[in-house]
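Chemist: sequence first, predicted coordinates after that:
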Number of protein chains: 2
Amino acid sequence: MLKEVLLGLLAGAAVLTVGILLGHFAIDKGNSAPAWVQDASRDVDENMVERFLAELDNIQIQENLRELTKVPHMATSPGDEATVEFMLKRWQDPKTGLDSAWREDYNVYLSFPNKSNPNKVSVADPSNVVLFMVREREKAYYPEQEDPEVVQPFAAYSPAGNVKGKLVYANQGKISDYELLNGTVDLKGTIAITRYGGEGRSGKAINAAKFGVVGVLVYTDPYDINDGLMSDENETYPHSWYLPPSGVERGSYNIDFGDMLTPYLAAKKDTYRIPKEDIKGIPPIPTQPIGFEDAYRLICELDGDDAPIEWQGAFNCTYKFGGPGFKSTSQFNNCNVHLDIYNREELRNSANVMGVIRGSVEPDRYVIYGNHRDSWVHGAIDPSSGTAVMLEITRVLGKMLKEGKWRPRRSIIFGSWGAEEFGLIGSAEYTEEYFSKLSERAVAYINVDISVFANATLRASSSPATQSVIFTASKQVNAPGTTTSVYDNWIKYYNRTSPSYGIIPNVGYLTGAGSDYAPFMHYLGVTSMDISYYYDRSKTRARIYPAYHTAYDTFDYSSKYIDPGFTSHQAVARTAGNVLVRLADSLLLPFNCSDYAESLEQYHNEAVKNFEAKLMANDISMDSLKNAVEQFRKAATKLNSLIRDSDLANETPLKARRINDQLMLLDRAFLDPLAFPEKYAFRHVIWASRSSRVPTFPGLADAVEKAESTGLKEDWHQAHKHLSILTQAIAGAAHTLDDVI
Amino acid sequence: MLKEVLLGLLAGAAVLTVGILLGHFAIDKGNSAPAWVQDASRDVDENMVERFLAELDNIQIQENLRELTKVPHMATSPGDEATVEFMLKRWQDPKTGLDSAWREDYNVYLSFPNKSNPNKVSVADPSNVVLFMVREREKAYYPEQEDPEVVQPFAAYSPAGNVKGKLVYANQGKISDYELLNGTVDLKGTIAITRYGGEGRSGKAINAAKFGVVGVLVYTDPYDINDGLMSDENETYPHSWYLPPSGVERGSYNIDFGDMLTPYLAAKKDTYRIPKEDIKGIPPIPTQPIGFEDAYRLICELDGDDAPIEWQGAFNCTYKFGGPGFKSTSQFNNCNVHLDIYNREELRNSANVMGVIRGSVEPDRYVIYGNHRDSWVHGAIDPSSGTAVMLEITRVLGKMLKEGKWRPRRSIIFGSWGAEEFGLIGSAEYTEEYFSKLSERAVAYINVDISVFANATLRASSSPATQSVIFTASKQVNAPGTTTSVYDNWIKYYNRTSPSYGIIPNVGYLTGAGSDYAPFMHYLGVTSMDISYYYDRSKTRARIYPAYHTAYDTFDYSSKYIDPGFTSHQAVARTAGNVLVRLADSLLLPFNCSDYAESLEQYHNEAVKNFEAKLMANDISMDSLKNAVEQFRKAATKLNSLIRDSDLANETPLKARRINDQLMLLDRAFLDPLAFPEKYAFRHVIWASRSSRVPTFPGLADAVEKAESTGLKEDWHQAHKHLSILTQAIAGAAHTLDDVI
């Protein structure tokens, strides 16, 4: 009986256990977690990142580049239209494309030479007999240079006009250059020849006009671009990466960015356009770039005093000011230089190609990745090295997407901008048209324009918030052909000592408007970065890769001299792609506000060192600025503690969203649309462009230096005003990092 | 055996069932929903709303008002400091207070008369013998008027100065008034007497100065305020609500809002201050307000032609232009009017009192409720009727909070603003200091300044987005002393026919800067509303309640003539309080973007009707604007469908957050900081102030009317520019309502 009872109990216990197990596991509980709970806490999948990086392929990039550079694709040209179609085809590919892709056209103000009446630069005697003509086309070494779509070298936005005058040499065309020159030569009615560097393109002509100069030539001195080398017999391309003697840097001669006729308005058909005579920042006088082969002929014949040592370039003659004009012993004695410029401005339709991947968890947060599509000629490096990389990133992500293996947490927007070369036009119009939407939702903008300038090291410039994610990404990628990480390689070339981290790679700031990051960083206040592979500065003093904006920036040039094997392209694709995926997939945005604090402190120290005594002497105290910077540091520390003490994956998703909003909107908090009325679309109080050489807050530095130079009371008022604007911006940003209530 | 087997099976089945039950219910599943899942979907609790409304008590409001109005509390006066302490005491009360409360001081530019050398207005003969003096104080009917802290009537920001001249009557001091007057009278060197209405306070003096007028008097005509009544023997206060003969409307004589010396910057100690001579919008000549008792003496003695019929007021004499000066038969014959003004500008510390309730689910979303605290004298109606209501709302919410019965989903910020009477200074400085934080997070701003102008009906002005929540709230509250809802009562007094809803109460737009909503609506683009109880317009033509800004705006006046029993105050507390709780607690923000579309369509129709032909005649097409308005309507409809098809309480909380962000930021999308360079801090392209009488888009209307009047090409350019700004703003807002990607 006992046995039976025991057996019965045992059987009962077993049955009970089965019941408990069934009840617990087999029957769904009504209050079990909804499916989205897991989803909301989705974070970066490191396995996915690894697979993604592994699949980014150098040969694919090479083939992208080959396709993109088949023909010249200057903005709105047939070649540009072909790249639009190519991008759309790739991004709409059913197997490797994005969720959707489309084009958006703007009707923008561009400037072109007249194909049937090319610009001419000549030397003619007083009875206008031409003794010398500057080349109209660059010399052909390969069929690429003979393509009829190669645009004649020209200065976009230079006015048309026929001018002549005695030649003078004006160094880099800075105001100080003309001032010096004007001390010995009467500049009225002269033509100035200047070299690239030291001053913006249009600045050379704007400055010149102030002194009565009637026309400007611009060339690239072999000293500045070729480490002095000049001979295409054996020294320059196709024998090396150096610029051939006839090579000419084209470029847009303007200061502001965006379509010039529609400031702050997207350039649609019906949009109000300002009168052309109200355009600012373009050459007031005919201007034309020429090759150093021709510049050599002109400069070495000049009469007049010897130019200062800093004005001397690599030509084997002494650079003189010009009589004005040529030496009496020269065949050009008494000759004028003639500029016959036939540039025409036109309204043209320029397309951005847009592509998106919809985010699964936070579709209303956008990580934007972009590059311009238009080149001056074939643009193998500028911009197609970046486009080739972007296309490889979208191919691999598109494939994972279409195969159902991945979808980002946040939305990703890819932009292939039009008409960047004419002044960041496509990206600027995009930010104007979608200002509100982007201001509300853009997490970050990644710009990869020229992806590989040279194959030595990574280079990055960015908002300080993104330093850490760039470091994270670059540690996971190997430098081309090595087992060293991109990060470790980078630190060897460009480093700095951080008070928090010790020696780290030196990430630059985005204080200018050199590429399409400008409308994002400066106008929208979107945390931005610009990533590329760059020079070993100990090996060359070239101001940029020598074929820049010439007919030699071709697939051949790139594959032979910039990145044979395309492994540096691949390293950039992996680094920038890694950053992109981390920004799109992280539960917590990988922005570090304490790194921002470090940059502000660094700027503040410079400001104190350079300006505090001067301000104090004018009864202006910097104490409030100091307090604001300290307040920012404290708030950043507090937010980092909150993050450290959180378990975001297991707390309400509204908490991660709240912190992410604080991080995402940090750069936005520094915007002041009224701070720089004289600087178009520069609204970011910290990173706006700066004239001062002191690496510090631009408004304050420029205002103090101006007040110092004029000594005027109202200029000291302006300095005080900029100090207050800055202080309020930093304190305001600190409030956004502090406890939300 | 069979029985045993059956019994055994039965027992086994029972045991199994127990097991299943135990397993299912007694053992916690690892993947059951975390606590925050429920929390994240929290919505308005209608029971809580009911209890809240029921507890809002008229007698408490009355007692709040009694306390607030014990002494005059002009900005920065000892009385103002006492109200600061009182607010803090109430908001820090351990049983009925908020989570926290504090004061924030700004150092602001104010203007006061000189107590020891009061402003004087007199009539004197050519040898300066004074024949008549205007009252320096209002007549005392009760001890309140005798309080030494009652500030002498004055025009804040009128310059000090001693001027004299022959008197002229200039009606309302509009430009057209002076033009008409100047046709028959030489205004140079005259003193103009003007009546309130038709033109802003300072405008009367700014316009006058253009014609050579040297001083301005301003009075309130009994026609405009007292329905013609004048006698304090039986007709005016204390016998009725009408203004006693000696009553004077004080006021700030300026155009822009915010501290005048620190535009766009919070007025801290070290903040840059513009030179005083750069202040715009204040009287250039001495200006002083006087009572109609004195104005009667002056106006009825004037010589000259009869003024037009529209210039006539309620005095029992014919209003004449002035010879200039007085009739030859008058005792004032040949006399001058003298203004001796001793106003002084001072930097004073003015406090905002801030109080917060932390939101439980979305602490980083702020519903802001505010009112100014400063009055001119006792300010029982302006502003203390609003403050008494605010304190009752915070008492009831604070009690529920402290008792643990309620905590809002979103954070609530209460603001008791300082120095509003001098130009919305406290609220403006607050929005400047916390610009970024508020731009990012403010859901709405509710302004209840004068809560009860009169006890007839609710009045509301707001962004169209909030019409529906105001309606919802007002339907749940009974009109004082009735069983009719506030909504049904309202519709009887002010209604309109909506294309979508038929006849509904007419909610106004916030196109001006009449109270502290202006910095929120116009500068920050925060969806705002202004709520009060208002007149039966069929019963009076008083331009405002008669004791406005006088020494008669007292508890006695309010409790006898404005709202005996304080039930209208209670109705406002319930309506505004209900709106507040719904904004703070709703899972989905109760904003309706289709109602916004209706307002844009209404404005668009007016623009087409009034301006399309004129624009077309100048080759400017309105088609893009039409498209933008249609695009907005479509996007609004789409968002409303998405909301209708959602089950937000059971979907990821990130979805509700996403839609709420779209709704919260809708008004922000209409901001353009560069649209109105001549209008300080007006950035909202739709609701900015407007000179045109056409109820439509302000920038477009004013620009077209200007172009029409000048006929200048550049003015038509400006009209086109404003059309493009507007079109881009509406299209940009539409993009924010559309699918997020």
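Modeler: Looks like it came in fine.

Chemist: could you find the closest non-adjacent residue to the most centrally placed residue in chain A?
Modeler: Closest to where the C-alpha atoms of chain A average out (Cα atoms, centre = their mean) is A:S515, at 3.0 Å. In space, and not counting its chain neighbours, A:S515 is closest to A:D449: 4.3 Å by Cβ to Cβ, 6 or more residues apart in numbering or on different chains. Every C-beta, even on glycine, is put in place using the N, C-alpha and C of the backbone.

Chemist: same deal with A:T484?
Modeler: A:N478 (6.7 Å).

Chemist: what sits against that neighbour?
Modeler: By Cβ atoms under 8 Å, 6 or more residues apart in numbering or on different chains, the residues touching A:N478 are A:T484, A:S485, A:V486, A:A571.

Chemist: for the stretch 501-650 of chain A, which residues are neighbours of chain B?
Modeler: Within the stretch 501-650 of chain A, the positions lying close to chain B (Cβ under 8 Å from any Cβ of the partner chain) are A:S621, A:D623, A:S624, A:N650.

Chemist: in helices, which of those appear?
Modeler: Among these, the members found in helices (DSSP state H) are A:D623, A:S624.

Chemist: tell me the one of the residues of the stretch 501-650 of chain A next to chain B nearest A:R582?
Modeler: A:N650 (21.0 Å; Cβ to Cβ).

Chemist: burial of the closest one, as a residue count?
Modeler: Residues lying near A:N650 (other Cβ atoms under 10 Å in any protein chain shown) number 10.

Chemist: check whether it really touches A:A40, as I assumed.
Modeler: No - contact criterion Cβ atoms under 8 Å: A:N650 and A:A40 do not qualify, at 10.7 Å.

Chemist: only the buried subset of the contacts of A:N478, as a ChimeraX command please.
Modeler: Buried subset of these, written as a ChimeraX selection, criterion 16 or more other Cβ atoms under 10 Å in any protein chain shown:
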select /A:485,486,571
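
Chemist: helix, strand or coil for A:G258?
Modeler: coil (DSSP: H, G, I helix; E, B strand; the rest coil).

Chemist: just to revisit the earlier point, let's see which of the contacts of A:N478 end up in helices.
Modeler: Here DSSP H is the test, and those give A:V486, A:A571 as lying in helices.

Chemist: for the stretch 1-150 of chain A, which segments count as helices?
Modeler: For the stretch 1-150 of chain A, applying DSSP state H, counting those that start in this stretch gives helices covering A:2-21, A:35-40, A:46-55, A:58-68, A:78-91.

Chemist: no, scratch that, I was asking about the stretch 301-450 of chain A
Modeler: A:384-402, A:425-433, A:435-441.

Chemist: where does chain A dip in pLDDT?
Modeler: Where chain A drops to pLDDT under 70, the residues are A:1-16, A:18-31.

Chemist: okay, now the single nearest residue of the stretch 451-600 of chain A relative to chain B: neighbour count?
Modeler: Nearest residue of the stretch 451-600 of chain A to chain B: A:G525, at 9.7 Å (Cβ to the nearest Cβ). Neighbourhood size, A:G525 [other Cβ under 10 Å]: 27.

Chemist: which other helices and strands contact the helix or strand hosting A:A208?
Modeler: Assessed by DSSP states H and E, A:A208 sits inside helix A:201-210. Helix A:201-210 is packed against helix A:175-182, strand A:191-195, strand A:215-219, strand A:287-289, with contacts defined by 3 or more Cβ pairs under 8 Å, 6 or more residues apart in numbering or on different chains; DSSP states H and E.

Chemist: thinking again about what came up before, roughly how far apart are the residue nearest to A:T484 and A:D530?
Modeler: 22 Å (Cβ to Cβ, to the nearest Å).

Chemist: also A:D294?
Modeler: For A:D294, the distance to A:D530 (Cβ to Cβ) stands at 34 Å.

Chemist: of the two, which one has the most company?
Modeler: A:D530 (24 against 21).

Chemist: gap between that one and A:I446?
Modeler: From A:D530 to A:I446 the distance is 8 Å (Cβ to Cβ).

Chemist: how about A:P78?
Modeler: 30 Å.

Chemist: do the same with A:T220
Modeler: Counting by Cβ to Cβ, the gap from A:T220 to A:I446 is 30 Å.

Chemist: do A:L217 as well
Modeler: 38 Å.

Chemist: same check, this time on A:G183
Modeler: 48 Å.

Chemist: check A:T710 too.
Modeler: A:T710 is 41 Å from A:I446, by Cβ to Cβ.

Chemist: then A:S252?
Modeler: Counting by Cβ to Cβ, the gap from A:S252 to A:I446 is 23 Å.

Chemist: looking at the two, which is more packed in?
Modeler: Higher neighbour count among A:S252 and A:I446: A:I446, with 28 against 23, using other Cβ under 10 Å.

Chemist: A:V337: neighbour count?
Modeler: Residues near A:V337, counting by other Cβ under 10 Å, number 28.

Chemist: beta-bridge partners for it, please?
Modeler: A:V123, A:G165 (DSSP bridges).

Chemist: hang on, it packs against A:L217?
Modeler: Yes - look at A:V337 against A:L217 with Cβ under 8 Å: they come within range, at 7.4 Å.

Chemist: shared neighbours of these two, anything?
Modeler: What both A:V337 and A:L217 touch, as defined by Cβ under 8 Å, 6+ apart, is the set A:V121, A:I191, A:I193, A:L298.

Chemist: in TSV, list those residues along with distance to A:I393 and neighbour count.
Modeler: Output for the shared contacts of A:V337 and A:L217, formatted as TSV (distance: Cβ to Cβ, whole Å; neighbours: other Cβ atoms under 10 Å in any protein chain shown):
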residue	distance to A:I393	neighbour count
A:V121	43	25
A:I191	47	30
A:I193	43	27
A:L298	46	23
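
Chemist: and which of those is nearest to A:F453?
Modeler: A:I193 (27.2 Å).

Chemist: what's the closest non-adjacent residue to that closest one?
Modeler: A:L217 is the one closest to A:I193 (Cβ to Cβ, 6+ apart), at 4.3 Å.

Chemist: wait, doesn't the one you found sit right on A:I285?
Modeler: No - between A:L217 and A:I285 there is no contact under Cβ under 8 Å: 11.2 Å.

Chemist: between those two, which is the more surrounded one?
Modeler: Neighbour tally, A:L217 and A:I285, criterion other Cβ under 10 Å: the higher count belongs to A:L217, 27 against 21.

Chemist: for the more buried one, give me its contacts.
Modeler: A:L217 makes contacts with A:121, A:191-194, A:287-290, A:295, A:298, A:337, A:339, as judged by Cβ under 8 Å, 6+ apart.
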